[in-house]
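K.L.:
Sequence first, predicted model second:
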Amino acid sequence: MGKRAMLWLAVLVVLAGGWAFYELAVYASRGGEHTPLYSVRRYDPYGTAALHRLLVERGQAVSLLERPRLDDGASGVLLQTLPMPRRERRTSVGSDVYALPTSHMADWIAEGNTVVQLTRHRTELMRELGVPRPTDAWADGEGYEAIEHHQRRGGLPSEQPIPRTPAASVDEDDDRRMMLRGPVYWSADAADESDESTDEADGEAGRWTPLWRSGERVVVGEVRHGEGRLVVVGSPTLVLNDGLEQADNLAVVLELLGDQPVIFDEWSHGVGHIGTVMGLIRGFGLMPVVGQILLIMVVYHWGTRGRWRAELAGPPRSRSSVEQVQTLGRLYSEALGLEDTTRRTVAEVYRRLGQAWRCEPQRLRERGGRRIDPLDDQMLALLDRADAIVDRMQAGAAGKANVVERELAALLNESHELIRKRKRG
């Protein structure tokens, strides 16, 4: 068989593999537009990466749900930060086609678990468990869709401002304040007359209970179901990256989640990893698929044997030390306070200077005191500046946050230049 025939055979095998992939992948990995809105993979103001990182830093059990059902044995709190259903993904009743099965979630709640839904639309789970229909909203459905479209493409919050709505707990002994943006509201004694309600026994189960109010209107409430509960919040902004720092939002969120394992629902954002070819291989032992891939590799090698191919890939881009430190500082600032961010950034500067001077970070001053290298004096002066920033933070006299950030940025730039001089010398 000639080389041309072998190449055509390789093409046919690849086409057959593509057909098999789409036939077998019932649920393909989904990614959405760039980074999905309100996802833990989003680090701008419209994601939940800061909360996810904070819970991990606190040592709390955290996981991501990237399949259409909760795992058997999963327990704790399911956190669903849901945008308005996009028109191309709506069902006949207006819900999202990627929403988790309602009956499955209701059964999971009844076992003693908690679902927290932060959204401006009424989900099928809310209808099923008897959450009242919202009675008021800052904007209509199309208005909220326009806002979320602006957020989805990463527009600046200042370009499309949404008024802030303060809220207080129904517990008069709780003096904390919550701050939401553009929420929907429920009335305290609202009854759902248009939809079917749950057939619960008399008592707490199935009863709408307000938790937080803005004036006379409810912005957070809950419904008991079995041994668990469904908590609804009228706006996703409570847990977003730029919402956690407002008022007492962070304290309210941490109290709401408690110490239980927290599951972030990524499947509803269009992110999933189930039913792909690799998932089927692991789950059902589809060795013929592996054999097909090996056959493609063998045929391709046979068809191109003896031909030299130019290397087209360029050298990998190397990141500078200052880029890596600044990226780390950015991640710290999103999940931690300014004081912790300062300590960790200064510690990273110590570590990188220690690598450049070939000694442990805690022995940098001893190494610089020997004056072996012409750059030792500059290194010691830089360490003095770093320690001074930390001392001012501990003394509570750091000034405004933007001043501290400028000092840290200058410290990073100078340490980077000093490391470059050291490597060249």
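P.N.:
Nice, thanks for sending it over.
K.L.:
What segments of this structure are helices?
P.N.:
Using DSSP state H, the helices of the chain run over residues 3-24, 49-57, 102-110, 124-129, 141-152, 249-257, 277-284, 287-303, 321-335, 338-357, 364-369, 376-394, 401-424.
K.L.:
isn't L380 right next to E366, touching?
P.N.:
No. Using Cβ atoms under 8 Å, L380 is not in contact with E366; the gap is 10.6 Å. No exception for glycine: its C-beta is placed from N, CA and C like everyone else's.
K.L.:
what about the nearest residue to R385 once chain neighbours are set aside, distance to D171?
P.N.:
Leaving out its chain neighbours, the residue that sits closest to R385 by Cβ to Cβ, 6 or more residues apart in numbering is L411, at 6.1 Å. Distance, L411 to D171, using Cβ to Cβ, to the nearest Å: 45 Å.
K.L.:
now swap in L382 and tell me
P.N.:
Taking Cβ to Cβ, one finds L382 at 51 Å from D171.
K.L.:
The two: which has the busier surroundings?
P.N.:
Of the pair L382 and D171, L382 is the one with more neighbours under other Cβ atoms under 10 Å, namely 21 against 10.
K.L.:
tell me the contacts of the more buried one?
P.N.:
Neighbouring residues of L382 by Cβ atoms under 8 Å, 6 or more residues apart in numbering: V349, L353, L411, E414, S415, L418.
K.L.:
ok, 7 Å please
P.N.:
Contact analysis of L382 by Cβ atoms under 7 Å, 6 or more residues apart in numbering lists E414, S415, L418.
K.L.:
Mind listing residues that contact stretch 72-81?
P.N.:
Taking contacts as Cβ under 7 Å, 6+ apart, the residues outside stretch 72-81 that touch it are 38, 48, 113-118, 236, 239, 257, 260-265, 268.
K.L.:
Can you flag the buried ones in those residues?
P.N.:
With neighbours counted using 16 or more other Cβ atoms under 10 Å, those contain these buried positions: 38, 48, 113-118, 236, 239, 257, 261-265, 268.
K.L.:
So which of those are in strands?
P.N.:
T114, V115, V116, Q117, L118, V262, I263, F264, D265 (DSSP state E).
K.L.:
Go ahead and confirm the second one touches G226.
P.N.:
No. Assessed by Cβ atoms under 7 Å, V115 is found out of contact with G226, at 11.9 Å.
K.L.:
Mutual contacts of those two, please.
P.N.:
I109.
K.L.:
who touches the nearest residue to G243 once chain neighbours are set aside in this structure?
P.N.:
Nearest non-adjacent residue to G243, counting by Cβ to Cβ, 6+ apart: T237, 4.2 Å away. Contacts for T237 (Cβ under 7 Å, 6+ apart) come out as L180, R181, G243.
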